[in-house]
Each structure stands twice: as C-alpha cells, then as structure tokens.
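Engineer: no sequence on this one, just coordinates:
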C-alpha cells in the first residue's frame, strides 16, 4: 500500500556532507567579503588622514 523508502546510510552521509560543505563555502565567502571591506575601510582612513594633514599644513 504505502511505499516508504528507507534512506541508506551512504545517502544520508553524502547529504550531510554536502550541507557541511555548503556551510563552509558560505562561511569562507562571508569572511572574504568582510576582509575586503576592512581593507577598503583602512585605505579610506589612510586617505582621510593624508587629506587632513594637507589641509592643516601651514604651507602657503
């Protein structure tokens, strides 16, 4: 009457491994985006410090 399929352990292991791999890939992607944004923030702060030094200089 009802055909209930039972998952084998190999199929379950592959699916959980795939999910873990997807989580790792997303984590690495988010970490790289945060690193690039931190690098951009560092560059902008350095540039703003240079600009402030030029504006505050007493050179005529």
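Structural biologist: Structure's in. What do you need? Because the structure is predicted, anything quoted here is derived from the model rather than measured.
Engineer: now residue 29: how far from residue 23?
Structural biologist: Residue 29 sits at a distance of 11 Å from residue 23 (criterion: C-beta to C-beta, to the nearest Å). To be clear about C-beta, it is placed using only N, CA and C from the backbone, and glycine gets the same treatment.
Engineer: Residue 51 now?
Structural biologist: Residue 51 is 42 Å from residue 23, where distance means C-beta to C-beta.
Engineer: Quickly note the distance from residue 55 to residue 48.
Structural biologist: Using C-beta to C-beta, residue 55 is found at 10 Å from residue 48.
Engineer: more neighbours, the two?
Structural biologist: Per other C-beta atoms under 10 Å, whichever of residue 55 and residue 48 has more neighbours is residue 48, with 10 against 7.
Engineer: Next, name the residue at the spatial heart of the chain.
Structural biologist: residue 30 (1.4 Å; C-alpha atoms, centre = their mean).
Engineer: what mean pLDDT does the one helix or strand it maps to have?
Structural biologist: Using DSSP states H and E, residue 30 maps to helix 9-56. For helix 9-56, mean pLDDT rounds to 90.
Engineer: so how far is it off the chain centroid?
Structural biologist: Here helix 9-56 is found 3 Å from its chain centre; the criterion is C-alpha atoms, centre = their mean, to the nearest Å.
Engineer: go on, stretch 47-60?
Structural biologist: 35 Å.
Engineer: Who are the contact partners of residue 53?
Structural biologist: By C-beta atoms under 8 Å, 6 or more residues apart in numbering, no residues touch residue 53.
Engineer: Quick check: it vs residue 29, distance?
Structural biologist: Look at residue 53 and residue 29: by C-beta to C-beta, they are 37 Å apart.
Engineer: Equivalent analysis for residue 22, please.
Structural biologist: Per C-beta to C-beta, residue 22 is found 11 Å from residue 29.
Engineer: burial of residue 47, as a residue count?
Structural biologist: 10.
Engineer: Same question for residue 43.
Structural biologist: The number of residues near residue 43, taken as other C-beta under 10 Å, comes to 10.
Engineer: got it, and residue 56?
Structural biologist: Using other C-beta under 10 Å, the number of residues around residue 56 comes to 7.
Engineer: now do the one 3 residues further on
Structural biologist: For residue 59, the tally of surrounding residues (other C-beta under 10 Å) stands at 4.
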